[in-house]
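> just a sequence and a predicted model for now, questions to come.
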Amino acid sequence: MDADGMIDRRRLRRKLGFWRIVALLVAAGAVLALTYASGWRPGRLAGPGPDQIARVEVTGLITEDRDRLELLEKLKTDPRVRAVIIRVNSPGGTTVGGETLFEAIRDLAAVKPVAAEVGTLAASAGYMVAMATDRVVAHQSSIVGSIGVIFQYVDASVLLGRIGVEVNAVKSSPLKAEPSPFAPAAPGAREMIGRLVNDSYDWFVRLVMERRGLPEEEARRLADGSVFTGSQGLNNKLVDALGGEREIRRWLESERGVPAGLEIEDREPEKDGWGLFGSARSALFGLFGLDPTATDLVEALTGSGGHLDGMVSLWQPPRH
């Protein structure tokens, strides 16, 4: 074989080797994609593993979170999980977000012991989540309470008038889309919103009465929007004990029959998409000022990932 033939043969071999590697990588990616879609995650090949206490973090603004709700549903049937700790560090969020999480935790508590550890803050919908458990443990300097509901709206009509902008609307009835940020509230709008807020507030108070064993008069006294330290919350029966995970472990082992010495393992919601891709996506959305928690571009553009839509149970510290 002449020199040119040998060179051509080597080139052909290199090309074949390259495409073989590509084919192997594609096949490996397809296998990983299929196993990921079927529910496999790293660490699941070693069998069920030892019994444990699961810890679920509820932090930041509380909104409707399907992934977290699915996690709580899975913990109900996970044979390794003997108990669950809900660690709350939240100023609250949407009323519906708190309600759905409350109901999911009550469903879980019907099957397994569930306790709440309050970190720095469990206020408004955050406190709603904490009291859904069967044992609320706070630190002495934690902040709890702020039981109430708020509906806020903006009247930018004066500002728009100063810059010469007029927004008109044709409505089927006076209260449609009221209150509007483009004009003063129509007659009856505030009364309508007041009825809406009061109905949700009464529901919140009933939850406090039921979960904390308080008479209505006492529950309404505490539900004036006030916040309390963990120590004050204990005195007002909003908290069951002071401490942390050590106190929760004592309660689980001595009063709920959970075996001593179980490891506490953090359990997180499973997000759609690959971890690396999800991190890159969040960073990209954040770079352009979009919602980094959104799962796709449409959600990021509309702000639906972290947008507080509707009534809010949210503690807002005073600004000076």
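Everything's here; your move. None of these values were measured; they are calculated from a predicted model.

> can you list phi and psi of residue 199 for me?
Dihedral pair for residue 199: phi -60, psi -40, per degrees, to the nearest 10.

> burial of it, as a residue count?
As a burial measure, residue 199 scores 12 neighbours (other Cβ atoms under 10 Å). Quick note: C-beta positions are derived from backbone N, CA and C, even for glycine.

> please tell me how far it sits from residue 56.
To residue 56, residue 199 is 30 Å away according to Cβ to Cβ, to the nearest Å.

> which residues touch residue 146?
91, 92, 123, 124, 127, 225, 226, 227, 313, 315 (Cβ atoms under 8 Å, 6 or more residues apart in numbering).

> one more pass at 6 Å, please.
123, 124, 225, 227, 315 (Cβ atoms under 6 Å, 6 or more residues apart in numbering).

> so the third one touches residue 147, yeah?
What that stands for is residue 225. No. Taking contacts as Cβ atoms under 6 Å, residue 225 lies outside contact range of residue 147: 7.1 Å.

> those two: which is more packed in?
Counted by other Cβ under 10 Å, residue 225 and residue 147 do not tie: residue 147 has more neighbours, with 27 against 15.

> helix/strand/coil for residue 144?
On the three-state scheme (DSSP: H, G, I helix; E, B strand; the rest coil), residue 144 is labelled strand.

> gap between it and residue 134?
Remark: distance between residue 144 and residue 134 (Cβ to Cβ) = 16 Å.

> show me which of the two is the more surrounded one.
For residue 144 versus residue 134, the count of surrounding residues by other Cβ under 10 Å is larger for residue 144: 27 against 18.

> mind listing the residues bridging to that one?
With DSSP bridges as the criterion, residue 144 is bridged to residue 122, residue 228.

> likewise residue 90?
For residue 90, the beta-bridge partners under DSSP bridges are residue 122.

> list the contacts for it?
Residues in contact with residue 90, defined by Cβ under 6 Å, 6+ apart, are 58, 59, 62, 126.

> in the stretch 151-300 of the chain, where is pLDDT below threshold?
Residue ranges of the stretch 151-300 of the chain with pLDDT under 70: 271-300.

> does residue 265 count as helix, strand or coil?
Going by three-state DSSP: residue 265 is strand.

> surely it meets residue 52?
Yes. With contact defined as Cβ under 6 Å, residue 265 counts as touching residue 52 (4.7 Å).

> who has more neighbours, the two?
Each of residue 265 and residue 52 has its neighbours counted (other Cβ under 10 Å); residue 52 has more, 16 against 13.

> pLDDT at the more buried one, what is it?
With respect to pLDDT, residue 52 has a value of 95.

> where does the stretch 1-150 of the chain dip in pLDDT?
Using pLDDT under 70, the flagged stretches of the stretch 1-150 of the chain are 1-24, 26-48.

> just to revisit the earlier point, got JSON lines for the contacts of residue 90, with neighbour count, distance to residue 161 and secondary structure too?
JSON lines is the format used below for these (neighbours: other Cβ atoms under 10 Å; distance: Cβ to Cβ, whole Å; DSSP: H, G, I helix; E, B strand; the rest coil):
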{"residue": "58", "neighbour count": "23", "distance to residue 161": "43", "secondary structure": "strand"}
{"residue": "59", "neighbour count": "13", "distance to residue 161": "42", "secondary structure": "strand"}
{"residue": "62", "neighbour count": "31", "distance to residue 161": "37", "secondary structure": "strand"}
{"residue": "126", "neighbour count": "32", "distance to residue 161": "39", "secondary structure": "helix"}
